[in-house]
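Chemist: Got a predicted structure plus its sequence, pasted below:
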Amino acid sequence: MPALACLETAVPPGYGFAWDGSLPLQGAFPCGTPVTPTIPNAHDVHSSWSTDLSAALYKIDGWGAPYFTVNDAGNMSVRSFGSATLPYQEIDLMKVVKKASDPKSLGGLGLQLPIIIRFPDVLKNRLESLHSAFHFAIQSNGFDSHYQGVYPVKCNQDRYIVEDIVEFGSPFRFGLEAGSKPELLLAMSSLTRGNPDALLICNGYKDVEYVSLALMGRALDLNTVIVLEQEEELDTVVETSLKLGIRPVIGLRAKLRTKHSGHFGSTSGEKGKFGLTTAQILSVANKLQKLDMLDCLQLLHFHIGSQIPSTVLLADGVTEAAQIYCELARLGAGMRVIDIGGGLGIDYDGSHSSCSDMSVGYGLDEYASTVVRAIQFACDRKHVRHPIICSESGRALVSHHSVLIFEAVSSTSFDPGALGQNIAYVLDALEDDALADYRNLTAAAMRSEYETCILYADQLKRRCVEQFKDGLLGLEHLAAVDALCDLVAREITTSDAVRTYHVNLSIFTSIPDFWAIGQLFPIVPIHRLDQRPSVNGILSDLTCDSDGKLDSFIGGRKSLPLHEFSNGGGYYLGMFLGGAYQEALGGLHNLFGGPSVVRVEKSDGPHSFAVTRALPGPSCADVLRAMQHEPELMFESLKRRAEEYAHSDGEAITCGLARAFNSMPYLVHDSGDDVMAAETDGIASAGGSDDDDVEWEFMRCLSF
């Protein structure tokens, strides 16, 4: 590594781009002559790269099929109808982002990033595909009943998602599952517009009020089933039903022996959080028989755990549950439905592996066939009528239809200028020990003794830090030494130096499962995919928390291949498969609220899509109010302060305060009059309105 012997002329090395599925390694450069970096420039960036290579690098065909692909322009596209989508029907994500974020004066919607883009056509396709898989398995195996699923609203309680599922699922008798009183209320309200045969499954811990609500649902002609999670809930159900004069339909949640060892299997097995043991199941059946209510027991529910990795484990659990179902039928219960719970997984990393929490080793058809065959085999052996098959496949339904888009606003980088014009300036300030380390470092570099170089570089840096703390070394000298040591590390390292990209996002608000349980989601630049990525990066969010970063990615990567920032336009990334749980779990860390949301449907227009709903993200006032603050009173006190102390600038400050309360907490990363117009759209400018107008406009915006 002779380059380190000529530090006076050192510049950052380039990259060699022999691609092997990961970013290329850095190479040394010859002593005495700086080498022009081999990073492709704007003119040849397309020459040795392709969209197919980007698709392979980010494993898009693995986790994205059949809904996401890379188009010829190098942008991520959405195929709303899955494999049936025609090329002209694909929706370019960058066009959606431009439409959503451009100022209204330019024909956009003026929404601020980050932004969630929902594709209800994808949601409809997922629901139809799930039903089709079970219908095919039922028909091909001669199963003498049908499938009708339910959507567990805990996955995403957004009003329009729930309403879409009820509408799209009506031809298939698709229902809802609730686990709390507010979820039950929204499910009851939504199903008044659904198929009358759709199931309303009532799970979770229950009190008298919960049970009363569920029984009222039956009085409203909703197909409500109260699932007992604990044996003592039976007394509450019986007493409340007698009091209201409404006969219940009861289900049992069985605590199976079958268990899978992954993170998502923690609720399964004999020590699981929910469910009744075999002894408790028999006890409930006996109590109902004595009360002449055994006919009310009509459903058996179980849940092995989310993200069931293999059909072997699935078959084991379904077989065990089917035997319990058959035994309850033998005891005289009015059994009609077997609810196999959640567990239908999705392939987050594209590996199609049954040995990972981030993937599954099967598809929809294999999943459905495994369930149908296991139930059919058990029932036929016991001569029990085939039940209605129900599943609670929320993750598999809603994950694909939602894409989170956010922008990288800056990055850390190596600055060779920190070495200074003449390194002799640095050497003159070093003490003898540090100077000896430097000379040993350069000698080791000439001998290509890389490990020795690292040792002397670390020792030189430690000595210089101590010298700086003693006041014997200037800030300029310390910065140059840091740059020197960084250059050594970059030359010697066996992998690319990892750069930090700062993104306009809150991990805790928008991707909480990454922080909480290490869940990985596909994250991909949504444009420039016809260009070779030249940087390995991690993503750091806006929050004042060291955990606010993304430093693990699918495929076992500890960094993400990224592109250099361009001079014009932003750098946009998308998080995919995040439609389940992330919005419901997100909090208000640092008072960053949720993203803006747009709903996009396929259309015959010039861009193949239409935005049918747009909702700005919560404003600063909204998130303050959520934490019991009163934005109106806060604004009034600051306004009075401005009038008292700011004098001639008071009106401008008041307008600025009004804009701040009414804006999203995220960064506005742009410049120019268009951005200012977007910020002040609907709010009076400082020069053209009096205080009353500003105050009225602020109050009007808060009330929307």
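Modeler: Noted; the coordinates are in hand. Numbers count the residues shown, from 1 in each chain.
Chemist: now Y88: how far from A73?
Modeler: Here Y88 is placed at a distance of 14 Å from A73 (C-beta to C-beta, to the nearest Å). (C-beta placed from N, C-alpha, C; glycine too.)
Chemist: Hmm, I typed the wrong one, I wanted M293.
Modeler: 64 Å.
Chemist: The residue nearest the centre of the chain: what secondary structure?
Modeler: The centroid of the chain falls nearest to G578 when counting by C-alpha atoms, centre = their mean (3.4 Å). Put simply, G578 is coil when judged by DSSP: H, G, I helix; E, B strand; the rest coil.
Chemist: Select the longest helix from this structure.
Modeler: Using DSSP state H, we find that the single longest helix of the chain is helix 120-141.
Chemist: Dump the C-alpha coordinates for that helix into CSV.
Modeler: The C-alpha coordinates for helix 120-141 follow below in CSV (Å, rounded to 0.1, in the frame of the first residue of the first chain):
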residue,chain,number,x,y,z
PRO,A,120,-56.2,-0.3,-2.7
ASP,A,121,-56.0,-2.2,-6.0
VAL,A,122,-53.1,-4.2,-4.5
LEU,A,123,-55.2,-4.8,-1.3
LYS,A,124,-58.1,-6.1,-3.4
ASN,A,125,-55.8,-8.4,-5.3
ARG,A,126,-54.3,-9.8,-2.1
LEU,A,127,-57.8,-10.5,-0.8
GLU,A,128,-58.9,-12.1,-4.0
SER,A,129,-55.7,-14.2,-4.2
LEU,A,130,-56.2,-15.5,-0.7
HIS,A,131,-59.8,-16.5,-1.3
SER,A,132,-58.9,-18.0,-4.7
ALA,A,133,-56.1,-20.1,-3.1
PHE,A,134,-58.5,-21.6,-0.6
HIS,A,135,-61.3,-22.0,-3.1
PHE,A,136,-59.0,-24.0,-5.4
ALA,A,137,-57.8,-26.2,-2.6
ILE,A,138,-61.4,-26.9,-1.4
GLN,A,139,-62.5,-27.7,-5.0
SER,A,140,-59.5,-29.9,-5.9
ASN,A,141,-59.7,-31.9,-2.7
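Chemist: before we move on, the earlier item: S402 is in contact with the residue nearest to the centre of the chain, correct?
Modeler: Yes - look at G578 against S402 with C-beta atoms under 8 Å: they come within range, at 6.1 Å.
Chemist: mean confidence for the longest helix of the chain?
Modeler: Across helix 120-141, the average pLDDT comes to 98.
Chemist: Show me how the record splits this structure into domains.
Modeler: Listed domain ranges for the chain are 66-119+400-410+503-617, 120-399, 430-492, 620-667 (source: the TED database).
Chemist: Lowest average pLDDT across the ones you listed?
Modeler: Looking at the domains of the chain, the weakest mean confidence is domain 430-492, a mean of 86.
Chemist: where exactly do the helices run in the stretch 501-650 of the chain?
Modeler: Secondary structure of the stretch 501-650 of the chain by DSSP state H, counting those that start in this stretch: the helices cover 507-510, 512-517, 582-585, 620-626, 631-645, 650-662.
Chemist: next one: the stretch 151-300 of the chain
Modeler: Ranges of helices in the stretch 151-300 of the chain, per DSSP H, counting those that start in this stretch, are 159-169, 181-191, 208-219, 233-244, 278-290.
Chemist: Would you mind putting the ones you listed into a markdown table with distance to G332 and mean neighbour count alongside?
Modeler: As requested, the helices of the stretch 151-300 of the chain are exported to a markdown table (distance: least, C-beta to C-beta, whole Å; neighbours: other C-beta atoms under 10 Å):
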| stretch | distance to G332 | mean neighbour count |
| --- | --- | --- |
| helix 159-169 | 33 | 20 |
| helix 181-191 | 29 | 19 |
| helix 208-219 | 22 | 19 |
| helix 233-244 | 17 | 17 |
| helix 278-290 | 7 | 16 |
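Chemist: could those helices be laid out in CSV, adding distance to L455?
Modeler: Shown next, in CSV, are these (distance: least, C-beta to C-beta, whole Å):
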stretch, distance to L455
helix 159-169, 57
helix 181-191, 60
helix 208-219, 66
helix 233-244, 66
helix 278-290, 64
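Chemist: Pull out the buried positions in the helix or strand harbouring D486.
Modeler: Element membership for D486, per DSSP states H and E: helix 475-492. Using 16 or more other C-beta atoms under 10 Å as the test for burial, helix 475-492 gives 477-488, 491-492.
Chemist: what packs against that helix?
Modeler: Applying 3 or more C-beta pairs under 8 Å, 6 or more residues apart in numbering; DSSP states H and E, one finds that helix 475-492 contacts helix 424-427, helix 450-469.
Chemist: Give me the angle between the longest one and helix 475-492.
Modeler: Spelled out, that is helix 450-469. Here the directions of helix 450-469 and helix 475-492 differ by 170 degrees (axes from the mean of the first three to the mean of the last three C-alpha atoms, to 10 degrees).
Chemist: Give me the contact list for helix 450-469.
Modeler: Defining contact as C-beta atoms under 8 Å, 6 or more residues apart in numbering, one finds that helix 450-469 is touched by 1, 4, 430-431, 433-434, 437-438, 440-441, 444-445, 473, 475, 477-478, 481-482, 484-485, 488-489, 492.
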